[in-house]
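*Asks:* model this:
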Amino acid sequence: MPLKGDYHITPPNAVLDPGGTAQLRATARLSDGTSLDVTDLGEWTSDDETVATVAAGTVTAAGAGVTTVTARYQGLASAAATIVVA
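*Replies:* Numbers count the residues shown, from 1 in each chain. From the prediction side, this is the model:
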């Protein structure tokens, strides 16, 4: 089923201590109007892996700073989630 174009991450931001983790979820809206959890299917990236890494939606804080995390599914990029490590 093709995507409708609505693809987002929840929660949209997280504040973590170094070494802490958070679970993000990626949800895509399909052309038939239903939603699909694509957390395990998407390709996740962190803009700054010295701040936090991400795999299958699990964010692990590495060092102090701010980064954004995105997911891609079927060529569509999600809105970014902001991760703050303090």
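
*Asks:* which SSE is the residue nearest to residue 6 when sequence neighbours are not counted in?
*Replies:* Spatially, and ignoring its direct neighbours in sequence, residue 6 is nearest to residue 29 (3.8 Å; CB to CB, 6 or more residues apart in numbering). To be clear about C-beta, it is placed using only N, CA and C from the backbone, and glycine gets the same treatment. Element membership for residue 29, per DSSP states H and E: strand 25-30.

*Asks:* again with residue 60
*Replies:* strand 58-61.

*Asks:* can you spell out which helices and strands pack onto that strand?
*Replies:* strand 13-16, strand 21-23, strand 52-55, strand 81-85 (3 or more CB pairs under 8 Å, 6 or more residues apart in numbering; DSSP states H and E).

*Asks:* in the protein, which ranges drop under the pLDDT threshold?
*Replies:* For the chain, the stretches with pLDDT under 70 are 1-5.

*Asks:* returning to that earlier point: from the chain's centre, how far out does the strand holding residue 60 sit?
*Replies:* Between the centre of strand 58-61 and the centre of its chain there are 10 Å (CA atoms, centre = their mean, to the nearest Å).

*Asks:* how about stretch 76-86?
*Replies:* Taking mean C-alpha positions (CA atoms, centre = their mean), stretch 76-86 and its chain are 6 Å apart.

*Asks:* export that stretch to PDB, keeping only CA atoms.
*Replies:* Below are the C-alpha coordinates for stretch 76-86, written out as PDB (Å, rounded to 0.1, in the frame of the first residue of the first chain):
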ATOM      1  CA  LEU A  76       9.800   9.400   2.400                       C
ATOM      2  CA  ALA A  77      11.600  11.300   5.200                       C
ATOM      3  CA  SER A  78       9.800  11.900   8.500                       C
ATOM      4  CA  ALA A  79       9.700  15.200  10.300                       C
ATOM      5  CA  ALA A  80      12.700  15.400  12.600                       C
ATOM      6  CA  ALA A  81      12.600  14.700  16.300                       C
ATOM      7  CA  THR A  82      14.900  16.900  18.400                       C
ATOM      8  CA  ILE A  83      17.100  15.200  21.000                       C
ATOM      9  CA  VAL A  84      18.700  17.100  23.800                       C
ATOM     10  CA  VAL A  85      21.500  15.500  25.900                       C
ATOM     11  CA  ALA A  86      22.300  17.500  29.000                       C
END
